[in-house]
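Student: What follows is a predicted protein model with its sequence.
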Amino acid sequence: MLAVVSMVFFIVARIDAEAWSSNGFIGFSLAYVTLAPLSKSEPIATVLRYSKTPDSSFSQSIAARLKILLLPLVLGLALMFTIHLIFGENGILQQIGGFLPALLGGLFILWAIAQGRFFGLATMNAIKVPHEGESSMDGYSPIPSLIMTSTLVVVMTFAVAEGLRFFLNSGQFSLWPYLISFAVYGLCIYVSWEQRRNASMHSATHTVARKWFWATQLFITWHVLSIFRSVDSASNDTLIFVEELFLMIITVFLAIWALTSKGEGTQSTLFTRENALFWGVAFGYAYAGSVAMITSVMDDVRTVLIGGHILVVATVMWSQRTMLEAKTIRINNDRGIVESLEELEIHDKGEEPQSESKTVSNPPGDSEPKESSNIETEESIGDPVDWNQTPETLGDSLDWEDEIELLD
């Protein structure tokens, strides 16, 4: 439904109805934002979720599957008309309503940064940390990882550049995509070299860093090639829109994956496994609305999309520093706690530690040994107390019959 509704609103925006299109994207995004916390309620959860029965086939379950779309669809349409009544031509805030399409398009910058962040979180949480490993004083060699990543960059560049050239049946072979991809790859190595070095000091962190750099570098290369295609005049707007729509769908899945993962940080009470789907779809409508407004309202669409791709590349590149450093510190701290627990000696409660007895030698001439340590005090905390005894007060020891001379 996300893809179908987005395409419908995109067509509406292309026929010079940007206001209705922006109201629709905002309404459906707010609908899923509203349903996210409400999905914890049992009555609403039964309406929003489909329970599969073992006896029913796919054709028999179509009606039950479509039932879970009714409430979001009705709520989205209701919010769309409500926004139109408030911000429309005759609405109370009609002055603000004229800026909604441009404002929604401008949020593309924010969604681009969120796309890069979601990808970093999702891929980092998907990598399994080895339970065992060994430390290295000099660090493990980065050469095999660099060679493997370079190979993946070449394969990605070849698949995208030459694949599009083959399907479009236009253009000639160009060396520029490969040069640009490796230039950005070299910049990524330079920016994150210190974090790579720290991660290579242990085999567990080295393994996580190696796999994560493979995923992030492929994602960066994809966006770098998208920038190149946007600059290239041979690419058409339809291909760019299809790619942005595909990126939107991937970003929604990555957002849901990142929100449902518990591998990083503390568990959020707002974003849970039960409502992460609604937050992800809400983000998808907002992202699609930004792309639709950019392609319909703004004249120079490619420049804005290039700016969005640059932001994604910069976000993921910066995440290669910050997220890897945080992950390395966390793995090292967890490993230190485990090693401390393994070295800890736990005694049974019934077994008392035996103290070493010290023998005191008697001086010459003494026939009997001296008792050295078993000295009992006359009074202790546990002795009985005579509660009827009159307590001693100040002045009890004074003789009041003595004459006291007072001096003037």
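Tutor: Received the coordinates, thanks. Numbering: from 1, shown residues only.
Student: Mind giving me the packing neighbours of the lengthiest helix in the chain?
Tutor: Longest among the helix segments of the chain by residue count, using DSSP state H, is helix 301-343. Counting contacts by 3 or more CB pairs under 8 Å, 6 or more residues apart in numbering; DSSP states H and E, helix 301-343 is packed against helix 108-126, helix 176-191, helix 193-199, helix 203-231, helix 237-260, helix 276-297. Just so you know, the C-beta spots here come from the backbone N, C-alpha and C atoms, and that holds for glycine as well.
Student: repeat that for 10 Å
Tutor: Identification of packing neighbours for helix 301-343 by 3 or more CB pairs under 10 Å, 6 or more residues apart in numbering; DSSP states H and E yields helix 100-106, helix 108-126, helix 176-191, helix 193-199, helix 203-231, helix 237-260, helix 276-297.
Student: Name the spans of this protein whose pLDDT lies under the cut-off.
Tutor: Across the chain, residues meeting the criterion (pLDDT under 70) sit at 164-171, 232-238, 241, 260-268, 297-300, 336-408.
Student: separation between Ala45 and Ala276?
Tutor: In this structure, Ala45 and Ala276 are 14 Å apart, going by CB to CB, to the nearest Å.
Student: what's the answer for Lys327, then?
Tutor: To Ala276, Lys327 is 21 Å away according to CB to CB.
Student: gap between Phe182 and Ile310?
Tutor: 18 Å.
Student: same check, this time on Ala276
Tutor: According to CB to CB, Ala276 and Ile310 sit 28 Å apart.
Student: Please apply the same query to Met137.
Tutor: 40 Å.
Student: So if I had to pick from the two, which one is more boxed in?
Tutor: Ranked by neighbour count (other CB atoms under 10 Å), Met137 and Ile310 place Ile310 first, with 14 against 5.
Student: Chain neighbours aside, what residue packs nearest to that one?
Tutor: Distances taken as CB to CB, 6 or more residues apart in numbering put Ile227 closest to Ile310, at 6.7 Å, once the chain neighbours are dropped.
Student: now the residue positioned nearest the centre of the chain: how far from Ala255?
Tutor: The residue lying closest to the centre of the chain (CA atoms, centre = their mean) is Leu121, at 4.4 Å. Applying CB to CB, the value for Leu121 to Ala255 is 9 Å.
Student: and Met81, what does it touch?
Tutor: Not Met; residue 81 is Phe. Listed by CB atoms under 10 Å, 6 or more residues apart in numbering, the contact partners of Phe81 are Trp20, Asn23, Gly24, Gly27, Gly88.
Student: Out of the residues you listed, flag the one nearest to Gln94.
Tutor: Nearest to Gln94, judged by CB to CB, of those is Gly88 at 6.4 Å.
Student: How about the contacts made by that closest one?
Tutor: Ala19, Trp20, Asn23, Phe81, Gln94, Gly97.
Student: Need the buried ones from those selected in PyMOL.
Tutor: Buried subset of the contacts of Gly88, written as a PyMOL selection, criterion 16 or more other CB atoms under 10 Å:
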select buried, resi 19+20+23+97
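Student: which ones are touching the spatially closest residue to Glu243 that is not a sequence neighbour?
Tutor: Take Glu243 and drop its neighbours on the chain: the residue closest to it by CB to CB, 6+ apart is Ser226, 6.4 Å away. Neighbouring residues of Ser226 by CB under 10 Å, 6+ apart: Val160, Ser235, Ile240, Glu243, Glu244, Leu247, Leu305, Ile306, Gly308, His309, Val312, Val313.
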